[in-house]
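Enquirer: build the 3D model from these lines:
(chains A and B)
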Protein chains: 2
Amino acid sequence: MVTLGATAAATPNEAFVQDVVISMLADDKAVREVILDSGAMDSAKPGTIHVNMATISVAFAKELTSHHAERGVEYISAPVLGRTEVAAAGKLNILAAGPGAAVARVQPLFDVIGQRTWPFGHLPYRANVAKIAANFMIACTIETIAESVTMARKHGIAADELLGMLTNTLFSAPVYKTYGALIAQENYEPAAFRLALGLKDVRLALTAGEEVSCPMPFASILRDNMIDGIAHGDGDKDWAAVAKVAQRRSGLSG
Amino acid sequence: MVTLGATAAATPNEAFVQDVVISMLADDKAVREVILDSGAMDSAKPGTIHVNMATISVAFAKELTSHHAERGVEYISAPVLGRTEVAAAGKLNILAAGPGAAVARVQPLFDVIGQRTWPFGHLPYRANVAKIAANFMIACTIETIAESVTMARKHGIAADELLGMLTNTLFSAPVYKTYGALIAQENYEPAAFRLALGLKDVRLALTAGEEVSCPMPFASILRDNMIDGIAHGDGDKDWAAVAKVAQRRSGLSG
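Expert: You can find the predicted model right below:
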């Protein structure tokens, strides 16, 4: 970014001197350390806008909202949809929620980063709920493909043969084409999104469900299968590698 | 069909006087009664082709293959993808497997009925495996949407709001649009495909998996949720109504 003309801030505190601060960190823990524990907002002027693009828990998004309000900093949750290749092409989808005027002010920045912004109202945590739901649905897609392909393979149908038909008919969505190809080719490295992070996201879905008393049986299955994958050394592979669990459990090498 | 110029056969036996017989019956039981128990093929000339478009079990497809071979009748499994509205528009996708020459001979008929034929080789049962895998994936999609939408709703996000974003980004496939709309509008009647038949298809997937020692944990969840739906009086509603289970279990009325 610096090579493209951005200015490197030596500390989080220095970044919060700006009018708008965009952060994209790995998880709750990283955001807590960099944004809260470091005292980053001590230097912020009233009206500074902080855009948090991390995939964080619903509970922590609510905590951040209160924390920013106490310091007079506007808070926007704006997690994104898209793997690294999508981000590089400027084609991210941005799920944004926060005070209307603040969101309108940073919209020109969103227009540079993403292909489209999807508004989820003025309560920041709702963008996180939508992002958690989306990632949960991707994980469900991976498991769905894994179980179908494994069953079909054991009946003598190649993964490509089955998926060629499916992704050209009912399942003609990017998510089936992307993960179908990774699973058919058993192409799990390098990881665009690590299985260990996938487990984190499934945990976010289970927790978001539990907070509002919503059972999520598919998420429970995903959690167990991802733990199984990690136990077999696949935590750093792409999360599509959870397909190896179905394969292994059915006695195929994987 | 008769009003369109077809000839009604008074008995299955009478139908098998023709060179090509196409049947599309509900399940294993119906096919067994109409095709096997009735002695339908007793009148068949050698080389008659029977195209079975029913969604049947893998084991029964193998049994039918032997049975036809003993009587000198060519057997093709050709289940279809598409709800009633798709069939009416002549847009079915046909999954076909059977002896190459026989499939080639009936291809002109497939071209009238469907928009495309997907070949699955010369072993008829493989078309049934592919169809069972496809229906299993549709059922997984319904459950995936149901769990996401219910979790999001309990966090204050309307089904339409979440699905509008998802079906215009990663999940832009017909299956998400069709079932997403039915679930968002809670529009389960009249049924294009009944929940009770959906349970039959999930059972076919579980059985096809068990026959080749392939665990299918998502299918197990689907089975329980569909039984739950039937227990609550929804067996004759569209199978998208399995979404009411997630809703009800999380304390929402449904």
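Enquirer: list the buried ones in stretch A:198-214?
Expert: Buried residues in stretch A:198-214, counted by 16 or more other CB atoms under 10 Å in any protein chain shown: A:198-206, A:208-209, A:211-212, A:214. C-beta: built from backbone N, CA, C; applies to glycine.
Enquirer: how about stretch A:58-69?
Expert: Buried, per 16+ other CB under 10 Å, within stretch A:58-69: A:58, A:60-65, A:68.
Enquirer: still on that earlier bit, now for the buried residues of stretch A:198-214, which pair is the farthest apart?
Expert: A:198 and A:212 (22.3 Å; CB to CB).
Enquirer: for the residue nearest to residue A:44 when sequence neighbours are not counted, give me its contacts.
Expert: In this structure, residue A:44 finds its nearest non-sequential neighbour in residue A:16, 4.4 Å apart by CB to CB, 6 or more residues apart in numbering or on different chains. Residue A:16 sits next to A:40-44, A:48, A:50, A:73 when contact means CB atoms under 8 Å, 6 or more residues apart in numbering or on different chains.
Enquirer: need phi/psi at residue A:56.
Expert: Note on residue A:56: its backbone torsions stand at phi -120, psi 170 [degrees, to the nearest 10].
Enquirer: in the stretch 1-150 of chain A, which spans are strands?
Expert: Listed in chain order, the strands found in the stretch 1-150 of chain A under DSSP state E, counting those that start in this stretch are A:20-23, A:49-52, A:74-77, A:80-81, A:92-96, A:114-119.
Enquirer: any chance of TSV for those strands, columns mean pLDDT, mean neighbour count and distance to chain B?
Expert: Output for the strands of the stretch 1-150 of chain A, formatted as TSV (pLDDT from 0 to 100; neighbours: other CB atoms under 10 Å in any protein chain shown; distance: least, CB to the nearest CB, whole Å):
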stretch	mean pLDDT	mean neighbour count	distance to chain B
strand A:20-23	95	17	21
strand A:49-52	97	25	18
strand A:74-77	98	25	13
strand A:80-81	95	22	6
strand A:92-96	97	24	5
strand A:114-119	96	18	4
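Enquirer: burial check on residue A:167, number of neighbours?
Expert: 22 (other CB atoms under 10 Å in any protein chain shown).
Enquirer: same check, this time on residue A:40
Expert: By the criterion of other CB under 10 Å, residue A:40 has 23 neighbours.
Enquirer: kindly report the same for the one 5 residues further on.
Expert: Applying other CB under 10 Å, we find 11 other residues in the vicinity of residue A:45.
Enquirer: ditto for residue A:227
Expert: Residue A:227 has 16 neighbours, counted by other CB under 10 Å.
Enquirer: now do it against residue B:165, distance only.
Expert: 29 Å (CB to CB, to the nearest Å).
Enquirer: buried residues in stretch A:161-172, which are they?
Expert: For stretch A:161-172, the buried set under the neighbour-count rule, 16+ other CB under 10 Å, comprises A:161-163, A:165-167, A:169-171.
Enquirer: flag the least confident of those.
Expert: Of all these, residue A:170 has the smallest pLDDT value, namely 88.
Enquirer: skipping adjacent residues, who's closest to that one in space?
Expert: Closest to residue A:170 by CB to CB, 6+ apart is residue B:175, at 4.5 Å.
Enquirer: isn't the one you found right next to residue B:141, touching?
Expert: Yes: between residue B:175 and residue B:141 there is a contact under CB atoms under 8 Å: 5.1 Å.
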